[in-house]
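Colleague: have a look; sequence and predicted model below, questions after that.
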Amino acid sequence: MTSSSVVQGFTKSLAMTVLSEIGDKTFFAAAILAMRHPRRLVLSGCLAALFVMTILSAVVGWAAPNLMSRKWTHHITTLLFFGFGLWSLWDGFHEGGETEELNEVEKKLDADWKGDAATSKDINKVDDSKKKQRRFLTKYLSPIFLKAFSITFFGEWGDKSQLATIGLAADENPFGVVLGGILGHAFCTTAAVVGGKSLASQISERIVALSGGVLFVIFGIQSFLSTVDS
């Protein structure tokens, strides 16, 4: 494991994560959740989910060359970069509106909160023993933490940033990819939680999508031109 390979994996992962996550659905979800719940719980829940997702994705990417030849994983990663680049550029040129995704996330969370309010009435009807058990669990696992964790984790599952992390870890040093991904997620999520909806509404989804698309295409060209040991 050379220092240059770690640095290359780190810088690629950091740049990819920042440009993929700013203006993403999970970014908006963190901003909206932080407006209605304690920020420390929202931030810790979102970061825990993103860190777990990054490590899982890197492990899958690291294991891929052991399941198929290094040459094939390199070619697949190259195609992924070009595919995600074109996808992001298409989104950037055909965005319906700057706040469309923000509004979509906000409506979904509002619907979830209405559902929680309805079910909370039923919770009041449970017997005292169940209430004590519930208090015991929530003492160690905050419902807000679990909500932020689950929304973020399942929101990222199958997202192009997760697939790109798998591709990066298959082609670059996985340790550097994990470090860059964690730092990128920490930066974006902290900005979302601290800045809230006011910051999220000022972000140009079009510029972020176009910048991310260009970055993915550059990664694809660099991967295509680089040689790999079979």
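Modeller: Thanks, I have the structure now. Numbers count the residues shown, from 1 in each chain.
Colleague: distance check, the spatially most central residue of the chain against residue 214.
Modeller: Centroid check for the chain by C-alpha atoms, centre = their mean gives residue 156 as the closest residue, at 4.8 Å. Computed as C-beta to C-beta, to the nearest Å, the residue 156 to residue 214 distance reads 22 Å. Where you see a C-beta, it was placed from the backbone N, CA and C, and this is true even at glycine.
Colleague: before we move on, what about residue 62?
Modeller: Applying C-beta to C-beta to residue 62 and residue 214 gives a distance of 27 Å.
Colleague: do the same with residue 11
Modeller: 16 Å.
Colleague: you'd agree the residue nearest to the centre of the chain is up against residue 50?
Modeller: Yes - using C-beta atoms under 8 Å, residue 156 is in contact with residue 50, at 6.8 Å.
Colleague: can you name every helix or strand that the longest helix anywhere in the chain contacts?
Modeller: Taking DSSP state H as the criterion, the chain has its longest helix at helix 39-67. On a contact count with 3 or more C-beta pairs under 8 Å, 6 or more residues apart in numbering; DSSP states H and E, helix 39-67 meets helix 25-36, helix 143-156, helix 160-171, helix 174-200.
Colleague: okay, and the common contacts of residue 156 and residue 50?
Modeller: The contact sets of residue 156 and residue 50 overlap at residue 26 (C-beta atoms under 8 Å, 6 or more residues apart in numbering).
Colleague: tell me what angle the helix or strand hosting residue 206 forms with helix 25-36.
Modeller: Taking DSSP states H and E as the criterion, residue 206 maps to helix 205-225. On the basis of axes from the mean of the first three to the mean of the last three C-alpha atoms, to 10 degrees, helix 205-225 is oriented at 140 degrees to helix 25-36.
Colleague: which residues touch helix 205-225?
Modeller: Helix 205-225 is contacted by residues 12, 15-16, 19-20, 22-23, 74, 77-79, 81-82, 84-93, 95, 98, 100-101, 164, 171 when judged by C-beta under 8 Å, 6+ apart.
Colleague: now a PyMOL select for only the buried ones of these.
Modeller: In PyMOL, a selection of the buried entries from the contacts of helix 205-225 looks like this (16 or more other C-beta atoms under 10 Å):
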select buried, resi 12+15+16+19+20+22+23+74+77+78+81+82+84+85+88+89+91+92+95+101+164+171
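Colleague: winner for burial among the helices and strands packed on helix 39-67?
Modeller: helix 160-171 (a mean of 25; mean count of other C-beta atoms under 10 Å).
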